[in-house]
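A.B. asks: can you look at this prediction? I've put the sequence above it.
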Amino acid sequence: MISICEVGPRDGLQNERDVLPPETRAELVNRLATTGLPRIEVVSFVRDEAVPQMAGAEEVAAAIERRDGVEYAGLVLNEKGLERFNETALDRMNVTLGATDGFNQRNANASLAEANERASAIVASRPEGTTVTISVAFGCPFEGRVDPDVVSGLVNHFRELGAEEIVLADTIGVATPGQVKSLIADTGADGFHGHNTRNTGYANAYTALEAGATLLDASIGGLGGCPFAPKATGNIATEDLVYMLEGDGVETGVDLGALVAISEWLATVLGRPLEGQLYRAGIFPSA
């Protein structure tokens, strides 16, 4: 069985035009927790003025109704984010940094070296229960193609620090299956975080599993994007991913019908159709 990390409440909502109140974001988390998803990324501990959609992270974390068997995660970029994370009861910390100077400057106001130093200090302080996500691992909106050796070096560095998991992110959706297969296999990364900007996200996720990854990030309804990555669109949709995997005999342990119902609800909350396909087309064969 592979694990799916639901990133909709964080990566999905951070690029939405509308800012949902903490109680609605907590309700989304609570609904997702009923589906059998093993992990949900709940919030990002960033400055409210930088990403208003993530304001009130502590309120969201406090309002979730915890369920056994579900791991609740929060994203951390720096020391202040670590302090805020530690004040909550969240289980897993996702420390993220970009693989290029350009992306780190816009995402965290730091060079790659500075972002690496920050992330390293955070990971060293708490390696257990920590995931390191390397953003723009396949391509950067500001610097173009990323040298695979740079990514491999970052993976090896955080392995040596004891990070429990490492995820490679195709933040702007430029990767192709062969590139994903090669980089996952060469680095031994545990997981893959894919965006579907150029309609390769699902093929990339499937290839990541074939290359040895055991964790896939996905977002309910295909929500997502990055405020600091121009033209980056949504993540692969959780329900579409589960439909593909289960249809091929890959167990996820997730209730597909429940995911579809959540996408239908979320479309009404946001007042627009979502990017995912399955909740509109329907499960086949129908129940």
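C.D. replies: Received, thanks.

A.B. asks: tell me the pLDDT at Gly224?
C.D. replies: Note on Gly224: pLDDT of 87.

A.B. asks: who touches it in this structure?
C.D. replies: By Cβ atoms under 8 Å, 6 or more residues apart in numbering, Gly224 lies in contact with Val7, Gly8, Asp11, Gly12, Gln14, Asn15, His195, Thr233, Gly234, Asn235. For the C-beta atoms, the positions are set from N, CA and C on the backbone; glycine is no exception.

A.B. asks: what's the closest of those residues to Arg159?
C.D. replies: Val7 (22.6 Å; Cβ to Cβ).

A.B. asks: quick check, that closest one in contact with Asn235.
C.D. replies: Yes: using Cβ atoms under 8 Å, Val7 is in contact with Asn235, at 6.2 Å.

A.B. asks: what residues are shared contacts of the two?
C.D. replies: By Cβ under 8 Å, 6+ apart, the residues touching both Val7 and Asn235 are His193, Asp217, Ala218, Ser219, Gly224.

A.B. asks: tell me the one of those residues nearest Phe284?
C.D. replies: Taking the shared contacts of Val7 and Asn235 together and measuring to Phe284 by Cβ to Cβ, the closest member is Ala218, at 19.5 Å.

A.B. asks: tell me where the protein has strands.
C.D. replies: For the chain, applying DSSP state E gives strands covering 3-6, 39-44, 71-76, 92-98, 130-135, 139-140, 144-145, 165-170, 191-194, 215-218.

A.B. asks: can I get the ones you listed in CSV with mean neighbour count and mean pLDDT?
C.D. replies: Shown next, in CSV, are these (neighbours: other Cβ atoms under 10 Å; pLDDT from 0 to 100):
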stretch, mean neighbour count, mean pLDDT
strand 3-6, 25, 98
strand 39-44, 26, 98
strand 71-76, 22, 98
strand 92-98, 25, 97
strand 130-135, 26, 98
strand 139-140, 20, 96
strand 144-145, 10, 96
strand 165-170, 25, 98
strand 191-194, 27, 98
strand 215-218, 26, 98
